[in-house]
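A.B. asks: how would this look folded up:
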Amino acid sequence: MDACGDQWQNTFAISVAGRGYDARIAVEHDAPLTDSACVYCGNCIEVCPMGALSFKSEFDMRAVGTWDESAQTETTTVCAYCGVGCNLTLHVQDNEIVKVTSPHDNPVTHGNLCIKGRFGHQHVRNRD
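C.D. replies: Got it, this is the predicted structure:
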């Protein structure tokens with residue numbers, strides 16, 4: 001899958017640079033990610049075949065040994081940020097949303113989300 005290319009975002013922020021043994025994942029013009037066309041949608045996390053990219057919540061929970069996919073429930077809902085109607089799958093563990101994905105068979109999203117849909121759930125967790 002090509003999360004940044006012409007299949008989804010059309011930003012071409014992250015792609016494969018070089019060929020053969022010199023091939024590597026890179027940002028355009030080898031610039032820092034912050035200087036790229038990246039819109040921080042997180043679709044690269046969704047399509048990464050190696051699991052090298054993950055949600056920060058998953059990374060942090062794995063580091064302390066609390067990540068447990070078998071203890072997670074999944075609830076599919078509709079994103080409320082705009083009128084497109086994207087389906088969100090909320091992954092919940094210990095009463096906390098730990099990540100948000102979208103069903104790959106959804107005719108609207110095909111598994112992709114914008115930054116608000118994928119990461120805009122922090123307000124639910126804010127207890128202050």
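A.B. asks: use CA for all of it now, contacts and neighbours both
C.D. replies: Will do.
A.B. asks: so where's the chain shaky on pLDDT?
C.D. replies: Residue ranges of the chain with pLDDT under 70: 1-2, 5-9, 125-128.
A.B. asks: any idea how far the spatially most central residue of it lies from Leu88?
C.D. replies: By Cα atoms, centre = their mean, the mean C-alpha position of the chain lies nearest to Gly42, the distance being 3.1 Å. Gly42 sits 13 Å away from Leu88, going by Cα to Cα, to the nearest Å.
A.B. asks: find the residues that touch each one of those two.
C.D. replies: Arg118 (Cα atoms under 8 Å, 6 or more residues apart in numbering).
A.B. asks: what's the longest helix in the protein?
C.D. replies: Using DSSP state H to define each element, the chain has its longest helix at helix 56-64.
A.B. asks: ok, and what's touching the next helix or strand after it?
C.D. replies: Under the assignment DSSP states H and E, the closest C-terminal helix or strand after helix 56-64 is strand 73-78. Outside strand 73-78, the residues that touch it by Cα under 8 Å, 6+ apart are 85-93.
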